[in-house]
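[1] how does the following fold in three dimensions:
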Amino acid sequence: MERLGYAWTEEPLQDFDIMGLKKLCATLDLPVLAMEWVGSLAGQPFNASTFVALQATDIVRQRSIGLTGQIKLAKMAESFGLDVHGGDAHVVLAIHNDPIYEYGSEGPLPPPQDPATLTFQGIKVIDDGYMPIQCGDLPVEEPDWDRVEADALEVV
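    Here you go, the predicted structure:
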């Protein structure tokens, strides 16, 4: 796979096979990205520490854990010298160890926008390899809380 230009192998074994992942990581030169399903079932960033400590992954998956959880997970992985993958666009731009933003099933790429017109609630725009986020003097738009409350299924 390395000769074919692959950068990593993703989810080569089920997440519950931690010892198999450990052996695979020790055997392959190609980095192994694991924890696709551990993340979606919750428990990250705490479950990820077991995989990292046992050297059962070379790249840590970020998934379904919110911005704060992604940053915690990225910092934990960074302390072991590992990259993470799959973070929110804002997290990818804020950390040093998620080198690739994966634009997935979010539909076709939208047309590029002038970065000065982007808001923090705007759409992701990738133009020629760059992804701008709002960082100017535009105010952050307050959500329509009446609409949010009207659309809420339950208020806790």
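[2] buried sites along the longest helix seen in the chain?
    For the chain, the helix with the greatest residue count under DSSP state H is helix 66-79. Neighbour-count burial for helix 66-79, counted by 16 or more other CB atoms under 10 Å, picks out G69, Q70, I71, K72, L73, A74, M76, A77, E78. Where you see a C-beta, it was placed from the backbone N, CA and C, and this is true even at glycine.
[3] ok, now stretch 45-61?
    So, applying 16+ other CB under 10 Å, buried residues of stretch 45-61: P45, A48, F51, V52, A56, T57, D58, I59, V60, R61.
[4] what distance separates the start and the end of it?
    Terminal residues of stretch 45-61 are spaced 10 Å apart (CA to CA, to the nearest Å).
[5] right, and the helix or strand after the lowest-mean-pLDDT helix or strand in the chain?
    Lowest on mean pLDDT, DSSP states H and E among the helices and strands of the chain sits helix 36-40, with a mean of 65. Sequence order places helix 46-53 as the next helix or strand after helix 36-40, per DSSP states H and E.
[6] T9 against A34, yeah?
    No. When contacts are counted by CB atoms under 8 Å, T9 is not listed as touching A34 (9.5 Å).
[7] just put the buried residues of stretch 45-61 in a markdown table and tack on distance to L21 and pLDDT.
    Listed next are those as a markdown table, based on distance: CB to CB, whole Å; pLDDT from 0 to 100:
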| residue | distance to L21 | pLDDT |
| --- | --- | --- |
| P45 | 17 | 70 |
| A48 | 12 | 87 |
| F51 | 7 | 91 |
| V52 | 11 | 93 |
| A56 | 4 | 95 |
| T57 | 6 | 94 |
| D58 | 10 | 96 |
| I59 | 12 | 94 |
| V60 | 12 | 92 |
| R61 | 12 | 88 |
